[in-house]
Structure formats: C-alpha cells, structure tokens
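Undergrad: I'd like to go over a predicted model; first the sequence, then the structure.
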Amino acid sequence: MYKRILVATDGSELATRAAKHGLSLAKSLGAEVIALYVVKPMAVDMPAEVLIPVPEEEYQRSAEKFASQALEAVKQSADELGISCETRSVENLRPWQAITETASNEECELIVMGSHGRTGLMGLVLGSEIQKVLAHSSVPVMVHR
C-alpha cells in the first residue's frame, strides 16, 4: 500500500503522538519513513510592539537545535521499532509548502501530521497549515488528533 511515508513534526506533544502513529503504521506496512521538520525563517513582519530583538544568528542556531532534537526523537522511536527513517530539516516561510514539496520530491505516498486544532476566528483568519497541506497535497494526508 504505502512504501514511503512522510511524518511531519514540529516537536510538540501532538506532533510526537502523530509521529508515533505514523511510525506504527509504517511498521505494519513495512514502509520507510521520512521525518520532516520545517524551520520558519526569522519573522520580521511583526509589529514593533511585539517584536523581541534577537540576533538572526542566535535565532537560526536555536531553530536548528530545536529541529535536530525533534527529528532525533522521531528517529529514535523509529529505531526502536526497527523502521528505516531518514530525517530532513527544511527552511521555508510556508510550512505547508515545504511539507507538500518534500513529500513529492521524496516520492512519499502518504503524509502523517498532527492537527493543532485551531478553531474560531484565528482559524478562519489565518487558516491552518494542515488545511493548506490538505488543499495542496497530491498524496493522501493522515491527520492525527
């Protein structure tokens, strides 16, 4: 059925649960896993009142460290299950775009990711990354709650 599964993570508790679900599915299918973390570039489009001045190099180091830790957690879980898992960290302002492009480039047949469950006005105004992945993905998407 699925031979390559993309597991997107942001290191959150919900994403970790989704990753474990994706890994379990991969094990049952004998599939390979590509674990992906999308690093968003330092935001400069915030109002000055809420912008916290952080040197760009410090932000980048911190973001890369967090990405590495999140991906290592998925890799470790995959290793414990005996699953082949490669990790990727990609920088993109639009996480949904990085997820769908990576799935395509890596010839993945399924994307597994957690839903952050944003609702109300913020969900309407901003939309969610999962909605954008669902709208733009050329492969099935499994959303884990």
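TA: Cool, got the structure.
Undergrad: Pull out the buried residues from stretch 86-94.
TA: By neighbour count on 16 or more other CB atoms under 10 Å, the buried set for stretch 86-94 is 87-90. No exception for glycine: its C-beta is placed from N, CA and C like everyone else's.
Undergrad: what's the closest non-adjacent residue to Arg94?
TA: Closest residue in space to Arg94, ignoring its immediate chain neighbours: Lys132 at 7.6 Å, by CB to CB, 6 or more residues apart in numbering.
Undergrad: hmm, back to that, quick one: which of the buried residues of stretch 86-94 is nearest Ile111?
TA: Arg88 (13.0 Å; CB to CB).
Undergrad: and the closest one, what element?
TA: For Arg88, the host element (DSSP states H and E) is strand 85-91.
Undergrad: Specify the angle between the strand or helix carrying Thr16 and strand 85-91 in degrees.
TA: Following DSSP H and E, the helix or strand that holds Thr16 is helix 13-29. Angle of helix 13-29 versus strand 85-91, following axes from the mean of the first three to the mean of the last three CA atoms, to 10 degrees, is 140 degrees.
Undergrad: wouldn't Glu32 be in contact with Cys85 here?
TA: Yes: between Glu32 and Cys85 there is a contact at 7.4 Å, judged by CB atoms under 8 Å.
Undergrad: Looking at the two, which one has more neighbours?
TA: Neighbours per residue (other CB atoms under 10 Å) separate Glu32 from Cys85, with Cys85 holding more: 21 against 17.
Undergrad: Can you check the pLDDT for the more buried one?
TA: Residue-level confidence at Cys85 comes out at 98, pLDDT.
Undergrad: Next: Asp79.
TA: Asp79 is given a pLDDT of 98.
Undergrad: ok, now which ones touch it?
TA: Applying CB atoms under 8 Å, 6 or more residues apart in numbering to Asp79 gives the contacts Cys85.
Undergrad: which SS class is it?
TA: helix (DSSP: H, G, I helix; E, B strand; the rest coil).
Undergrad: among the helices and strands of this structure, which one scores worst on average pLDDT?
TA: For the chain, using mean pLDDT, DSSP states H and E, the weakest element among its helices and strands is helix 120-126, scoring a mean of 47.
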